[in-house]
Structure formats: structure tokens, C-alpha cells
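1. no sequence on hand, only this structure:
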RNA sequence: GCGGGGGUGGCCGAGUCAGGUCAAAGGCGCAGGGCUUAGGACCCUGUGGCGUAGGCCUGCGUGGGUUCAAAUCCCACCCCCCGCACCA
């Protein structure tokens, strides 16, 4: 093969086929070999795989390949997620001829028109993307055992049987409960409105308001509030005089609320019967009783009261709520307005704010102070919102209830709030209502409300004992990076019950109530166990009807006896036993990895379900969390049009280049950024490596091995060690940076230094290098491995092990001296601007080395100086200034370099530099003369030689 | 608001846990030179400022502090990104 002709298209095609044909990545139990079971969350099949998938999956694939080369029996399976709504939704939109989605499919996913037409069938669409994405995964070089492939939902009978077993099990264990739950709801679509289905109000979720009930004659006015603790400061009630209110029977009690409140209450499972409508103004002037304190307060008009928000009834706390103070002030300022409503201005004049909360940095009336400070004009001024937030925040965090708050006096506001709400509700003085703090509009343009769904099925993630188990697991798992562990702990604490069934979409019916479908995140928590079963299903040895409850109980949990299970399933005991043993071989999962966006949901659910169902020894061993893919510095999205599919970039740059670009983009939880320029650069770099290594293979033998070769191989060993350590920690970026760039730099320096490259040494470098790169650029490395005469596949070649015997500190120290001298010479050239004809180099005399090496051993600079002078005295050195300099120089050396110099010991600098003389002259283009400081007849017109210190020879240029 | 992660040179990004190897790895970009018919690739040099001798000054979000010594340790503050649920 010519060294110029590296066609990655041919090479990738060739090895891809070989891997598949020979089943290189198929893995079966081998009890004598240690195993590693690595899983990637199956992708959803509503579109093509993108570079984000590529990043997460390649990271795991690199680890899988690394471990495989280390001799582990590695299983890396793959499957597809069909469960959920979006595919069905997309199919519907296509049926309706939605241009937007059709254009996206055509332009981004590049789906042929005739296929798009068939996407009106969601199952067809899922099949299409499953097929396409599998091709891409293979093209990408993922080292997958494809015999275990499957997909989810009822369209895969065997998988459905598995989920049925899982959910029956969870229910039996008491982890599934029934309950009610508030959701954002579109009254038109009659379904929950998720974030992605909204025109307005992204991120808004139902908030729980307390309804404080004020009795007015024989009816109640329930005022909605986030601040029930301020009830002690209530001076009046606000209603909007122009809004329509209703008097209604609510669960047997008579309430007055704004008209839109009726629908809200009904959707929150309240029985509401409207008795009459009335205008807000009709309520003005009536007197109400405050709960707890039983004070009489009037109902007054305020324009800021929104009938759409809460109940349209607000209680006024002018001391602590800016809006209330503003509305009150507005009334005080315009008595004529009151008269218009037939109210006596004296009522308002008599109202004074009541201070009930002590707050740091504020006086009696924080609301008034903030209104004044921000110069809020009136209740219509937008600045009133800011004032409200400010007071709320400050009082919530630092406020304490004053002595006029009954038994709540002295409590922190944050505590009082909870307790008052709770106790008033219990006493029937308050109620509750969910509402949206901001407007939410459905895609269908309908304004959303909160609906409380009754009798939903929940996974009881709130269960403290369940949480405790997960925490136990978390504290002992391997976690990459370590910072993710804390994140998980927080998520576990924060997690509430999860609605685990839905009415629509693809999926597996809930076993005990088939009108529901198991929700998409809930059917994907322990399916890694199914990879073991799937192999037998795909071989035709297991059929869906064999997969009974007894079968899974036995295979996964060891429950029941072989005979019984054999009878129940109609399978041979041998087969059942084989599956059981295979399961026990591969389980538990050693590593599962994905983006950090899956931490608060999928990855945590994965842990929950494992602790619920499996015995401790089968709980997962490790999780890897990575960052979120960016594209050219921006978040990737189909709507933005910056969506990068793996298929496209693999076709353009080749899988090896794509893999390396992704792997060098980020590690740990940092967000990788896809830049096509970077990929182009990597492509060129790989081509260059290929060219070099293939040239080594065809190089005529030459040059004997000497110090330079020892240096090269010593460096190589350091690289081996560093790459291995990085890969163990999934530090892909670090590992590839060393494997691709640092080794390249070493080789370059070697080739520059030597006039006669040594083939043996270069072959050793090449053979090692190819294996270090193989997890990252497997296609190219297979090709190179075979060019170098390597045995079998590089994918299964032994990983280079660090050979300490080849680390040569002396060679490395010598080489660093040469580099130091060259740098110093250049520095002088730069500073003086001269073009010398000769450079004289003077190496330090022996006694200076004695001083230097002793100073180098010292533990601190102070110590180094002390030791240096001591040694110098013993040696009767005359120049304390140079001794000082040696000590300072020695103590400024640290880390790896210090270790190297200590281990190298004394260098014969004269010898080293003499052998590098030709090199220096060649590089610097002037004559180089090397002298010993203590030599005779030394040419040294400026007496420079006395400045020489170890590793820093003195220089004289002329 | 709560929680998680961050702020380093033109850019990306190591270094921070165990203070001195740090004007700060590596990559990209840029500039000069070499090679070449030319361009690309490749190789060399430079890339904070100053400097006719290998040095000095300034510097790692801001302001203090500890230390012989701080990007690294302590305190306070500012800023940025990402989650916050029925959704894959």
C-alpha cells in the first residue's frame, strides 16, 4: 500500500464488514474471564441519531474497546425506544399535512418523499428510524453485540412481557400507588400541556395557593395567597369592582369568587353549583370577619385584582404587600372614587397598616418603604411587581413574626407560613387551590388551567425507605465524574411520586388496567436485564408465550424451581438454566452513561428500580455522566436548523474523525461543542498519523538504538501510563490529547533530533501508538495494525501495559538539557538581536553538581539554601553568590521534572552537549563550542563560565 | 427561589483536591521563516509588556486576607450556564 493513499471510506467499509462478519463484538459468558457490562440508554426513534447521541455513545464505546483490549469480556448491547407520545404525535401531524414537520424530515433527516408519506403510520416511522439509526451506529464503529437488539412497546411482544413482569413486581412490592395530581391542562385538547406543547408560559407549573376564608354574613370570600402568615396584618378585602363574581355552592359551602374561578375549582375535583352572578362593585362596603383574629374588615375596590388569577378575591396587608399599600394609598388620595361606589371615605381613612413581621434592614412597614424607594406611582405601575418580589424575598428569608401573631409570634416567616396554612386548613378556616402563576397558552391557542387528575398510577419515589436504598447504592457506586454523585443525592431527595401511566402513545399496557400504558421513562429502568433474554428471543429459542411471570422470577431473581418453571413455560430446564446463568454472568451493569440531562430522571429511576427489584449484589456498579452537545457554540435544535446528524458528518469526515472530534471536545460533565472546522483538522491529523505509521512499516532498516531511542521509548512509556490512567477515569479528552498530540510531538522531536532514525524504535512506537489510538479511531487502527503485521484485530489486541523498565530518567534529563540550552540560546538571540558566528557553551564544574543535587533533595527553599551553603563550605567553594543561585534554581524545580532530575543524578553535560553539537549547529546555524568550566585553556573572554550551573550552562555568543 | 456546574491568555481548554515544575500543558487561530512552480499539507520560530545575555514587570471574575511563596488555601462579593417533573 502506498503511503499516500489513505482512503478512509474504503478502510471504514472494509473493517466494519469484517467486524460484523466475524462477530468480533459478540459476547457470551466465559466464566473464567472477568466481564464488563456497559449500557447506553436506548435512543428514541423519532429522528436520526445526532452528534449528541454520538458523543455519549462513543464515550462508552471507547471505554468498552479499552476494556476489551485489556482482556475483559465486554458486553455492549443496543436497543431502541419506541415508547411515548412524540412518534404518534408526529405521525398525526404528517397526516394533517403539517408543513413544518415535513420540511424538517426532508431537510434535516433527509427522508425521501415516498417514505415521509408512509410516516402517517407511527409504527412505520419507528421501523424506518430504527433501521436507519442502526446503520449509523454501525458506521460509527460502536462495538455492539447486535444479536441482542430489540425495541420497546407492545409491538415487541417479548419486551412487553418483560415490562408486564416488572410492573406486576413493583406493584406487589408496594412501589406503585394511586393518587391525584395537578397538571397544566388544556381545556380544548383535554390533555396535559407539556412544556413543548406551549405557545406561552414555558416552564410554568401549578402552584399551590392557600385560600383564606373570610366570612361575610353567611358566605365565605376565599382569598388566594402565597402568604397566609400575613393574615394578622389584614386590613380589608380587595375585589375588582368591574369583574363578574359568582355566589356558588362549593362542596356544600357558600363562596363568592370571580367567575373564571368556577372552572378551576371544578377541574380540581370540587363540586361547584353557581347560584347567581354579581358585579364586584356589589360587594363593596360589606364587612368580613378575619379568621383566627375575628376582626371586622371592609371589602374595597382595587383595579390590580385580576379575576383570572387566584379567586379574584385578595386580602389586603398594606404593611407588607406593596400592591395592597398602593391600592390603599390610591383610595386615600381619591375619595371621590369611593363616593362613586357609594362608600364613605372615612372607612378608608380609618385604615392603617398593621406591622406583623420584623425584617432586617427595614422599619415598621417594609411595603411602604420599598414603594417609596422605588418610587412606584400607583397600583398600575409595573414597578409594583418588582417591589412585591423584593419584599417577599426579604421577608421570607429574614423575617420573624412579631408579638401580635398569637402562637406564631417569634417564628421565622418561612416556618410560620407552613404552619398557619396547615392549621387553618385543618380548622376549616382555609382551603387550597392550584393555579398558574403566569399565563400558559396551549399550542392550540387555548389558555391553560390547572386540572387535578384523579386516580392516576404513581411510582412512589417519595418513599423514604426506597430513597434510603438508592442513597445506599449511590454512596458505593463508581461515579464519573465524582461531582455527579452529589447531584444524584440531591435529585433523590427532591424526587416526588411519578405518574407512571399514560392514556396515549406507544407502549406496554399496564398489566392490571390495560386502559393505561406504562409511561415512557418507567418502562426503561431495568431493561438492561432484557438484553440477556433478547439474545435467546432473537435466536428463536424463546417465544413471547414462554416469557411468563415464573420465567422472569426464576431467571432474574432465582425464585421458584427449575421443574416448576419448565412446566409453566414449556421450556426445557436446560435452556432456562442457561439463561439464568448468562444473566448472573453479565449482571450487574458495570457502567451506564449518558448526558447530565438524564440525571434528574432516567438515570435516577434506573437506580430506584434496581434497588426495588434486584438483590443488592445485582445493583448497578457505575454511572458516567457527560455534558450536553452544543453545535458551533449554540444549543442544538431542529427548529434552529443547527441540527447535526451523525449520518451526515460520518459521510463527510469519516467515523474515526467524528469519534475523535467528539472525544476531544469535552470530558467529565463539560458540554462538548461540535465544530466542523475542528473535525476537518482532526481528519487531517489522522491522515498524517496514518501516513507516518504506514511509512514506518515500509521503512528500510537503519540507525542503531542509542540514547535518543531510549529517550523516545521512555517518553512512550509515560504516554502509555497517562492514557491508561485517563481512560480508567473516562477522561477521554485527556487520553486522546495525549494519544494523538503528545505522542506526535515526541515523534516529531525525535525525527528532528536524529539523522538516522532507528526502525526498530519507531516500530515499537508505531505498534504501541496504534493500540493507544484504537479505542478512538478503530477503523484506521485496524488498517494500521494489519499493515504493521499485528495479529488478529486491533480491537482485541492486548492493551499496551506500562513498562517501568523502559523509563529512562537519564535519557530524559539529558534531552531536557539540550532543550534548555537551545531555549536559552534563542532567548539571548532575541534579547540582543545579534547574529553570532559562534556560541560558546560552558558546563558547570563538578562541585556545583554536588551542591545542586543536594539542594534538589531538600524539602523547602530555605532548606535548599542551607544545605547548598553547607555543601559548598565542605567543598571550599569560594563564590557564595553562585551557591545561592544554584540553591534557588534547584528549589524552583518541582513535580515530574524534579523527580526526573533526582533519579537521573549527575549528568555529564559535556558529553551530552557534545553529542548534540551537530544538532544545535544545524538548528541554530552557527558554530557551537562546548567547554568545561574547570577545563584548561578555556576560551572565555568575558569570564562567563563561572555563571554555569547544572542544567543551565553558561553562554557566550560572538 | 431551590439544586447542580462554572468564570484562566485572541478562542477552546489543562492546572485548583495535596501552594513553589506557572507567563501558565495541548489544540485552534494569527504572524514570520523553510519547503514548494504556486496554493494546501508539512516543518521551524514567535504569539501579555519591556529588554543589546538567558532577565524583569504585569497577570488566572472582583475586593480583602493567610504565607518566604497563591491560578491553587481562607473570607466577602459579582457574573455565566444547566435542571426544577408527567417529557423523550
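-> Yep, that arrived. Bear in mind that the values here come from a model prediction, so they are computed numbers and not experimental data.
2. from now on I want contacts and neighbour counts done on CA atoms only, so please keep to that.
-> Noted.
3. residues from the stretch 701-850 of chain A in reach of RNA strand B?
-> Residues of the stretch 701-850 of chain A found near RNA strand B (C-alpha under 7 Å from any atom of the strand) are A:734, A:737-738, A:741-742, A:745, A:748-749, A:752, A:821, A:823-828, A:830-833.
4. tell me the residues of the stretch 251-400 of chain A that contact RNA strand B?
-> Neighbours of RNA strand B within the stretch 251-400 of chain A, by C-alpha under 7 Å from any atom of the strand: residue A:393.
5. of all of the stretch 251-400 of chain A, which residue lies closest to RNA strand B?
-> Using C-alpha to the nearest atom of the strand, the single residue of the stretch 251-400 of chain A nearest to RNA strand B is residue A:393, 6.4 Å away.
6. which residues does the residue nearest to the spatial centre of chain A contact?
-> Residue closest to the average C-alpha location in chain A (C-alpha atoms, centre = their mean): residue A:596, at 1.9 Å. By C-alpha atoms under 8 Å, 6 or more residues apart in numbering, the residues touching residue A:596 are A:625, A:626, A:627, A:628, A:669.
7. and if you look at residue A:402?
-> A:355, A:356, A:357, A:358, A:409, A:410.
8. ok, of these, which come out buried?
-> The neighbour count (16 or more other C-alpha atoms under 10 Å) marks A:355, A:356, A:357, A:358, A:409, A:410 as buried among the contacts of residue A:402.
9. got the phi/psi numbers for the last one?
-> Read that as residue A:410. Phi and psi for residue A:410, reported as degrees, to the nearest 10, are phi 90, psi -10.
10. now the strands for the stretch 451-600 of chain A?
-> Ranges of strands in the stretch 451-600 of chain A, per DSSP state E, counting those that start in this stretch, are A:478-480, A:498-499, A:501-502, A:517-518, A:591-595.
11. how close does residue A:572 get to RNA strand B?
-> Computed as C-alpha to the nearest atom of the strand, to the nearest Å, the residue A:572 to RNA strand B distance reads 37 Å.
12. who's in contact with the closest residue in space to that residue that isn't next to it in sequence?
-> In space, residue A:572 comes closest to residue A:566 once its chain neighbours are excluded; the distance is 5.8 Å by C-alpha to C-alpha, 6 or more residues apart in numbering. Residue A:566 sits next to A:572, A:573, A:576 when contact means C-alpha under 8 Å, 6+ apart.
13. neighbours of the first one, just the number please.
-> By that I understand residue A:572. For residue A:572, the neighbour count with other C-alpha atoms under 10 Å is 14.
14. run a quick neighbour tally on the residue in the stretch 501-650 of chain A positioned nearest to RNA strand B.
-> Residue nearest to RNA strand B within the stretch 501-650 of chain A (C-alpha to the nearest atom of the strand): residue A:520, separated by 4.3 Å. Using other C-alpha under 10 Å, residue A:520 is surrounded by 23 other residues.
15. just residue A:216 next, same as before
-> Using other C-alpha under 10 Å as the criterion, residue A:216 is surrounded by 20 other residues.
16. please apply the same query to residue A:700.
-> If you count neighbours by other C-alpha under 10 Å, residue A:700 ends up with 10.
17. now do residue A:405
-> Applying other C-alpha under 10 Å, we find 20 residues neighbouring residue A:405.
18. skipping adjacent residues, who's closest to it in space?
-> Residue A:405 sits nearest to residue A:232 (C-alpha to C-alpha, 6+ apart), 6.1 Å away.
19. show me the residues around that neighbour that make contact.
-> A:293, A:354, A:356, A:404, A:405.
20. dihedrals phi and psi, it?
-> Torsion angles, degrees, to the nearest 10, at residue A:232: phi -70, psi -10.
21. again, but for residue A:866
-> According to degrees, to the nearest 10, residue A:866 has phi -60, psi -50.
22. ok, now how distant is it from RNA strand B?
-> Distance, residue A:866 to RNA strand B, by C-alpha to the nearest atom of the strand: 13 Å.
23. for residue A:121, give me its contacts.
-> The contact partners of residue A:121, by C-alpha under 8 Å, 6+ apart, come to residue A:91.
24. report pLDDT for it.
-> In the prediction, the pLDDT value recorded for residue A:121 is 96.
25. low-confidence ranges in chain A?
-> Low-confidence segments of chain A, defined by pLDDT under 70: A:1-5.
26. can you list the domains in it?
-> A:176-203+A:437-459, A:207-435, A:812-957 (automatic domain parsing).
27. check for me that residue A:42 belongs to a strand.
-> No: using DSSP: H, G, I helix; E, B strand; the rest coil, the assignment for residue A:42 is coil, not a strand.
28. neighbours of residue A:917, how many?
-> Counted with other C-alpha under 10 Å, the neighbours of residue A:917 add up to 17.
29. now do the contacts for it.
-> Contact analysis of residue A:917 by C-alpha under 8 Å, 6+ apart lists A:928, A:929.
30. circling back to that earlier point, format the domains of chain A as TSV; extra columns: distance to residue A:43.
-> Putting the domains of chain A into TSV (distance: least, C-alpha to C-alpha, whole Å) gives the following:
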stretch	distance to residue A:43
domain A:176-203+A:437-459	19
domain A:207-435	33
domain A:812-957	44
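31. what is the burial count for the residue in the stretch 1-150 of chain A positioned nearest to RNA strand B?
-> As assessed by C-alpha to the nearest atom of the strand, RNA strand B sits closest to residue A:84 within the stretch 1-150 of chain A, at 3.6 Å. Under the neighbour criterion other C-alpha under 10 Å, residue A:84 is assigned a count of 22.
32. and what of residue A:932?
-> Residue A:932: 19 neighbours (other C-alpha under 10 Å).
33. do the same with residue A:230
-> 26.
34. you'd agree it is up against residue A:356?
-> Yes: Residue A:230 lies in contact with residue A:356 (C-alpha atoms under 8 Å); the separation is 7.3 Å.
35. re the thing from before, so which of the contacts of residue A:402 sit within strands?
-> Among these, the ones falling in strands (DSSP state E) are A:357, A:358.
36. okay, the contacts of residue A:402 in CSV with distance to residue A:860 next?
-> Compiled in CSV, those are given as follows (distance: C-alpha to C-alpha, whole Å):
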residue, distance to residue A:860
A:355, 64
A:356, 62
A:357, 59
A:358, 56
A:409, 60
A:410, 57
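37. what's the farthest-apart pair in the contacts of residue A:402?
-> Between any two of the contacts of residue A:402, the greatest separation by C-alpha to C-alpha is 13.8 Å, found for A:355 and A:410.
38. what strand or helix carries the residue of the stretch 251-400 of chain A closest to RNA strand B?
-> Per DSSP states H and E, residue A:393 falls inside helix A:383-398.
39. following element in sequence after that helix, please.
-> Once the chain leaves helix A:383-398, the next helix or strand it forms, by DSSP H and E, is strand A:400-401.
40. show me what that following strand is packed against.
-> Counting contacts by 3 or more C-alpha pairs under 8 Å, 6 or more residues apart in numbering; DSSP states H and E, strand A:400-401 is packed against strand A:357-358, helix A:413-426.
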